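Asks: Here is a sequence with its predicted model. Questions after.
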Amino acid sequence: MKILIWNCRRTGNNTFKRNLRELLRAHKPEILVLMETKVTFSSFGNFFNNLGFSASTVVDPIGRMGEIWLLWDTAHVNVHTSSVSNQYIHATIHKEDYEEWVLSAVYASPNPVTREIFWEELERTATNMNQAWLVAGDFNNFTDHSERRSFTPNHNFTRAQRFRERINNCNLIDLGSVGPRLTWTNNRQGLANTMERLDRAMSNAQWRTLFFLEGTVRTLPRTYSDHSPLVVFTQGKLKLNTDGCSRGDPGQSHYGGLLRDEVGSWVWGFQGYLGHCTSLEVEIWGIYRGLTIIMQKGMSNITIERDFQAAMDLIRDGAASSSPFRAIVEDANFFLNRCQCSIQHVPREGNQSANALANLEANQQEHLIYLEDPPSSILSLLITDMVHASVNSRRD
């Protein structure tokens, strides 16, 4: 199941509609949550019906309050709304072959006093919660200094501490995310720019165990709004593709890789320079670098795809004691098992995006460059991969 959650900061114009269509086409969510819509739901006519979202629960704006829309595709999921306020919608989610669970779609007020009312009500809900529970949306708050980047100091440590206390009082677990960490920007330039992590998904332990062991939360790049959309994948399988490029064997070598979701959308990528080495060595290093990023991000259950069988066999089966690659192979194998990842072979044509990253900058000599967004030169390859992923999922 997939849930798209977005503080879209004004709807109703053609730019919003075009951006939303692209998001829905790429990620195909069954449930859609929109916040800060600024217009009434009725003004959209049949727009959402035509996109496949034929049912909804709506909190339209009342002055500067409210503005949460919860929509769903009745062909795939049934939703029963149990409680509504101007800061949340509580609903029970029914899907075939899934255990019933509760979704709280949140738009917490930017006003601290009003926001406290929301948390008091949420804590009462948590006290009586006996089902799997997901709480997601814009909380208009951050938990610590790592979730804020600004040249303007913020000394309101009490506010962040209180936010953490509220989360703990509700027995919620932050599900984290992959992609850009900070979800909101004030859109100012230079020293006036501020970015914060205001949007997140949290759950109780029951929901995490039932639905999230093979799931992920992905933060998408900002486009139309000053907030990034979030996509919650309850059972989405992520794939890491890596490749190496050696100009000669041995020769000057670069590697590259990218993590993608089940429909082929970019999550993050990397590239790096290894120096003068063999083609086998740079292929091993590409896999190793990808695994170290997975480890650092606390991720697991990722399928690694490669088109170089010899490198795969070494990492999976181990290197001989006399092999010059023994140390790096042992480290890669440790990360592979620790993160519960698997490795499999793909044809060369299925690894084109990783190959393009490895060949992208022949003259760059940084050992590792982490990429939050895809380079423009590989966008056409990513789109091709997404089309192939969509065709394969329909066949399955």
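Replies: Sure thing, it's come through.
Asks: C-alpha only now, for contacts and for neighbours.
Replies: OK.
Asks: Which residue ranges of the stretch 1-150 of the chain form strands?
Replies: 2-7, 31-35, 55-59, 68-72, 78-84, 88-94, 101-107, 132-138, 148-150 (DSSP state E, counting those that start in this stretch).
Asks: okay, now Ser377: neighbour count?
Replies: Counted with other C-alpha atoms under 10 Å, the neighbours of Ser377 add up to 11.
Asks: mind checking how far the residue nearest the centre of the chain is from Val77?
Replies: Central residue of the chain (C-alpha atoms, centre = their mean): Arg218, 0.8 Å from the mean position. Distance, Arg218 to Val77, by C-alpha to C-alpha, to the nearest Å: 21 Å.
Asks: try Trp184
Replies: 30 Å.
Asks: what do you get for Cys277?
Replies: On the measure of C-alpha to C-alpha, Cys277 and Val77 end up 53 Å apart.
Asks: Look at Trp184 and Val77 and report which has more neighbours.
Replies: Taking other C-alpha under 10 Å, Trp184 and Val77 do not tie; Trp184 has more neighbours (22 against 14).
Asks: how about Leu172, what does it touch?
Replies: Met202, Ser203, Asn204, Ala205 (C-alpha atoms under 8 Å, 6 or more residues apart in numbering).
Asks: Any buried residues in the strand ranked longest in the chain, and which?
Replies: Taking DSSP state E as the criterion, the chain has its longest strand at strand 266-277. Buried positions in strand 266-277, judged by neighbour count with 16 or more other C-alpha atoms under 10 Å: Trp266, Val267, Trp268, Gly269, Phe270, Gln271, Gly272, Tyr273, Leu274, Gly275, His276, Cys277.
Asks: Of these, just say which sits nearest to Glu99.
Replies: Set against Glu99, the nearest of those by C-alpha to C-alpha is Val267 (28.3 Å).
Asks: just to revisit the earlier point, which one of the strands of the stretch 1-150 of the chain lies nearest to Tyr255?
Replies: Each of the strands of the stretch 1-150 of the chain has some distance to Tyr255 by C-alpha to C-alpha; the shortest is strand 148-150, at 30.4 Å.
Asks: Other residues contacting the next helix or strand after the closest one?
Replies: Using DSSP states H and E, the helix or strand that follows strand 148-150 towards the C-terminus is helix 157-169. Residues from elsewhere that reach helix 157-169, judged by C-alpha under 8 Å, 6+ apart: Trp119, Glu123, Asn141, Phe142, Thr143, Asp144, Ile173.
Asks: Give me the mean pLDDT for helix 157-169.
Replies: Throughout helix 157-169, pLDDT has a mean value of 92.
Asks: Can you dump the C-alpha atoms of that helix in PDB for me?
Replies: Coordinates of each C-alpha in helix 157-169 appear next as PDB, following Å, rounded to 0.1, in the frame of the first residue of the first chain:
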ATOM      1  CA  PHE A 157      14.900  24.500  22.800                       C
ATOM      2  CA  THR A 158      11.800  24.200  25.000                       C
ATOM      3  CA  ARG A 159       9.600  24.000  22.000                       C
ATOM      4  CA  ALA A 160      11.600  21.100  20.500                       C
ATOM      5  CA  GLN A 161      11.800  19.300  23.800                       C
ATOM      6  CA  ARG A 162       8.000  19.600  24.300                       C
ATOM      7  CA  PHE A 163       7.500  18.200  20.800                       C
ATOM      8  CA  ARG A 164       9.600  15.100  21.700                       C
ATOM      9  CA  GLU A 165       7.700  14.700  24.900                       C
ATOM     10  CA  ARG A 166       4.400  14.800  23.100                       C
ATOM     11  CA  ILE A 167       5.600  12.100  20.700                       C
ATOM     12  CA  ASN A 168       6.700   9.900  23.500                       C
ATOM     13  CA  ASN A 169       3.500  10.400  25.400                       C
END
